[in-house]
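Student: My questions concern the predicted model and sequence given below.
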Amino acid sequence: MSVDSSNVVGVSWPRRAGAAALITLCWLPVAYLALLSLARDWAFPALLPPALTLATWQRALAGNDGLMTSFANSAGIALLVATLATAAAAAASRGFAYHRHRGWWVLAMHAPFALSPVILGTCLLHFFIRLGLVGSAAGVIAAQFIFAYAYAVIVLIGFWNPHVAALEDLARTLGAEKRQVYRCVVLPLARPLLAVAFFQTFLLSWFDYGLAAVIGAGKVPVLTLRVTEYLGSGNVHLAAVCALLLIVPPLALLLLNRRLATAAA
Amino acid sequence: MRIFARSFSAEPARRRLRLALFAGLAVVPPLLGLGYALAYSLGLVGALANGFTGEHWAKLLHAGDVTRALGFSFAVAAVTVVLATALSLWLSLALRRALGRGLGATALFVPLALPGVVAALIGFQFLGGAGVLGRLAWHLGWIASPQDFPALIFDRHGLGIVIAPTALAVPLLMLLFARLHANERIDEFSALARTLGASRLAVLRRVTLPLLLRRAAPSLSLLFAGVFGAYEIPLLLGAQRPEMISILARRKFALYDLHQRPEAFLIAVIYAAIVLALVFVAFRKQPPAHVG
Amino acid sequence: MTPSFFLRRVLLIALGALAVGSSGCRRAAPRASTVVENLSWEQVEAQARGQTVNLAMWQGDPFINAYMRDYVAPALLARHGVTLRLLPGQGGDLVSMLMTEIEARKTASEIDLMWINGETFYQLRQLKALYGPFTDKLPNARYVDFASPFIGVDFQQPVGGMECPWGGAQLLAIYHEQRVPSPPRTRAALAEWVRAHPGRFTFDSSFTGMSFLKSLLYEIVGDRAVLAGPFDEASYARYGGELWAYVKSIQPYLWREGRTFPNSVTQQHQLFASGEIDFTFSLNDGEVDNKVAQGLFPSAARAYVFDGGMIKNSHYLGIVARSPHLAGAMVVCNFLISPEAQWEKQKPAVWGDGTVLDVKRLPGEWREKFSAARPGSRSPARSELEGKGLPEPAAHYMVRLYEDFRTQLLR
């Protein structure tokens, strides 16, 4: 007896209403932020803003507040972290995966997550200062790499299974060089998971607040720090614009990914 | 796992070294940080340190702000995990078919794109006295002015710092449970149990929930660790007292009384010990086949 | 490829990394301070040209940020070739960062110039993290009114050339003219008002709120001389006890029944602006006009001073001892206390910050301008503020107030 979970027809209406409500709730924050970024003089008890204006967006995009620079900083740092972490984890994961004590290695990779980013940053600040990494993008990248690499290993370790091992063996017995095996056999198979690891590590860095604040020491403005800055100075509309700049790119990528995934299925 | 006794091209020693280096990338920084923190908390390093002293650790014996913050953070994390798990289990089981594969499942991905700072911003706007919920309440005639609205943020019970992470965690856990449900073939096991005469409730209690919860334990423990050491959300939505430990650690790090700095590092050490113990326990309980 | 071969390679790499890491601190640059001390001002200006000066400041007010970013920075670049970089950082966070730098034995600091106040001044002197004395070297320092007890003394500590006065602040209470027809001007009147209007008054838990508490403390003490000089435990125990008894008596009638307080003056401004409370405070004389012009405060907002007086103080600029850009920092400092920069700063539409210059010492045209300067229409007139300025007590009083705030009020 198979249950087709995509068969919505037989579902009762309260459940459908519940699903609709949940879907609305999921989208509500994004919709609200969009409204907030366009609003002006939106005071209690108005449920909708009295007027909409593009002024806040224009101000943000004009460049005086450095939001475009912060956006570029966030993007550049995240891309570098994702690339370095995924590459390093790809190289590392095979050795861990095929090891006798694979489970222990996976557990060891959770070590950085034993401390929250802020706390780890505070504890390592001394060493980062000694290495001259504080207050620079390089330092932030190095700090975020620790978390991103560990996470990427955890993701990529799942790739190496008996099936892949058998394929590797097959290719070797057929006479392929080690490099050929990786390039022509393993890589095509691993591409989807590598993409996932890349995307997840990108998000890890893109959304990071603690490490950028502590290691960056105010000299590396990234979007997460800007949102907090505007929220702290009461500028709620700019904070909303900043928040949208922060969440729209990942959201777009996520939805695109879903579209591709459901299309392939 | 013997099936993975691979033949590597390099010798065992070189392979061991390489593995150690790769592991070191992730393990050495936290160890280094914790080592430094421990040394600082014992007075061995620091600009105003005077040599080994147990006075900072001794302060733990009296109920002070450190023990209070630890207790509060633990409570907040526990409540969040329990609440989020219960809600997401209920919603994912009840709405599994209604959400289907299309619009519904996609919608669940949207909250994944919300980081802590944005969740705090939303929380501030929705849960504040003059916020969205407050305005709705005013229109419904339930309150007369913003301060009649119950304090959901900046309050002593930490409601806001439970609600915000829960709201973020529920979609994530729903996706996790949906995936586990499929992977663990829960539908088939339930069907089997029903044919053997079990009631719906019994199926839930004996088949569905144990399977789902046991498999989700590592993720739940990581969620606990995340909320336990949360920083951005309590920073923007929490009251000054009681504090979450990440906030307390940062406050003690930058306090006027420079002699309290070692306490910040002490907090880091205890926090790490608790989380490591938790993760260890959660992973130990996993059946071996799951790893991978 | 024996194991020992690899072990040797790894060891070499490790040693190299260690060498690089530790040598990174002992940079061979000559200590800039010895050079700067012996230079004439023209030589200092010449050395400053091309330098980038990192100024750490509180960035919670967009107007102040705009003044620094849109007026000061371009002027510095155009006139002196100095690039001014603004970093967020104030109080304990600044001190903490500098302390970590000291612990890591860093020779060139990340920060050059800091916007500081009395208690930070105290901590920085504890750590020997300030460069100085340097104010004598600044040409514009001759206009500064060091003789004033509010400028030459910072939280009961003589400035001694270790920090440069930048601006003056007078604590004011801000209220809504229509909702509060006759605002309370004494402790007793405040208590009465608060009981009659529960939930409409509060104060914040950071600097501005503590300044308000200090003002109340002065009213309780009565004789200003009691709080002069270094911190006195007996005085604090007695008068502080009365202060907390008073605050606890009105606590149930405060905003949110006194169970929580705004964590910054910015947050309190938002509550005032949204109509949740009827009072806020500010250390900036021009705050009301500033915020009304911005559309953030209702136009009925007004400022006033309590009869017993309210805290008046100055804020300062300090140069970090290990700064690699000492010449640049001094040039920036000198510009910030120049008549033009001080004039721009005191305009209510720009910042509204009081000047530290002695009007009598200024050259002709500036003397007239500053004498004719009027505060905004919504703030009390200069004559009203005469004699109402209370000097800051020793820094440790505020430290105790911060601590007791947590233990007494936030139980």
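Tutor: Happy to help now that I have it. Residues are numbered from 1 along each chain as shown, chains lettered A, B, ... in the order given.
Student: Around chain B, which positions in the stretch 301-411 of chain C sit nearby?
Tutor: With C-beta under 8 Å from any C-beta of the partner chain as the criterion, the stretch 301-411 of chain C meets chain B at residues C:399, C:402, C:406, C:410. All C-beta spots, glycine's among them, are computed from the backbone N, C-alpha and C.
Student: Kindly indicate which of these lies nearest chain A.
Tutor: Among these, C:Tyr402 lies closest to chain A (C-beta to the nearest C-beta), at 19.3 Å.
Student: how about the helix or strand hosting that closest one: buried residues?
Tutor: Using DSSP states H and E, C:Tyr402 sits within helix C:395-404. For helix C:395-404, the neighbour count (16 or more other C-beta atoms under 10 Å in any protein chain shown) marks C:395-399, C:401-402, C:404 as buried.
Student: what comes into contact with that helix?
Tutor: Outside of helix C:395-404, the residues within contact range by C-beta atoms under 8 Å, 6 or more residues apart in numbering or on different chains are B:256-257, C:118-119, C:121-122, C:155-157, C:210, C:213-214, C:217, C:227, C:230-231, C:236, C:240, C:244.
Student: Convert the C-alpha atoms of it to CSV, please.
Tutor: The C-alpha coordinates for helix C:395-404 follow below in CSV (Å, rounded to 0.1, in the frame of the first residue of the first chain):
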residue,chain,number,x,y,z
ALA,C,395,33.3,58.3,38.2
HIS,C,396,32.8,55.6,40.8
TYR,C,397,29.5,57.1,41.9
MET,C,398,28.1,56.3,38.5
VAL,C,399,29.6,52.8,38.5
ARG,C,400,27.8,52.1,41.8
LEU,C,401,24.6,53.5,40.4
TYR,C,402,24.9,51.2,37.4
GLU,C,403,25.5,48.2,39.7
ASP,C,404,22.8,49.1,42.2
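Student: which non-adjacent residue is nearest B:Ala105?
Tutor: B:Leu99 (5.8 Å; C-beta to C-beta, 6 or more residues apart in numbering or on different chains).
Student: That neighbour against B:Leu93, yeah?
Tutor: No. The criterion here is C-beta atoms under 8 Å, and B:Leu99 misses it with B:Leu93 at 11.2 Å.
Student: All the helices of the stretch 101-250 of chain C, residue numbers only.
Tutor: Taking DSSP state H, counting those that start in this stretch as the criterion, the stretch 101-250 of chain C carries its helices at C:118-127, C:187-196, C:207-221, C:233-235, C:241-250.
Student: Now the third one: average pLDDT?
Tutor: When the per-residue pLDDT values of helix C:207-221 are averaged, the result is 93.
Student: neighbours of A:Trp27, just the number please.
Tutor: Residues lying near A:Trp27 (other C-beta atoms under 10 Å in any protein chain shown) number 14.
Student: how about C:Gly275, secondary structure?
Tutor: At C:Gly275 the chain is in coil, as set by DSSP: H, G, I helix; E, B strand; the rest coil.
Student: That one: what's it in contact with?
Tutor: By C-beta under 8 Å, 6+ apart, C:Gly275 lies in contact with A:43-44, B:130, B:146, C:298.
Student: Any quick PyMOL command for the buried ones out of these?
Tutor: This is the PyMOL syntax for the buried subset of the contacts of C:Gly275, where burial follows 16+ other C-beta under 10 Å:
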select buried, (chain A and resi 44) or (chain B and resi 130+146) or (chain C and resi 298)
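Student: Can I get the worst-scoring helix or strand of chain B on mean pLDDT in CSV? Just the C-alpha atoms.
Tutor: Every helix and strand in chain B was compared by mean pLDDT, DSSP states H and E; the lowest is helix B:96-99, with a mean of 79. Extracted in CSV, the C-alpha atoms of helix B:96-99 (Å, rounded to 0.1, in the frame of the first residue of the first chain):
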residue,chain,number,x,y,z
ARG,B,96,1.6,16.6,5.8
ARG,B,97,-0.7,15.9,3.0
ALA,B,98,-2.4,19.3,2.9
LEU,B,99,0.9,21.0,2.3
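Student: and it, what other elements does it pack with?
Tutor: Packing partners of helix B:96-99 (3 or more C-beta pairs under 8 Å, 6 or more residues apart in numbering or on different chains; DSSP states H and E): helix A:13-38, helix B:103-109.
Student: helices and strands around the shortest one, which ones?
Tutor: What it means is helix B:103-109. Here helix B:103-109 touches helix A:13-38, helix A:236-264, helix B:96-99, helix B:160-183, going by 3+ C-beta pairs under 8 Å, 6+ apart.
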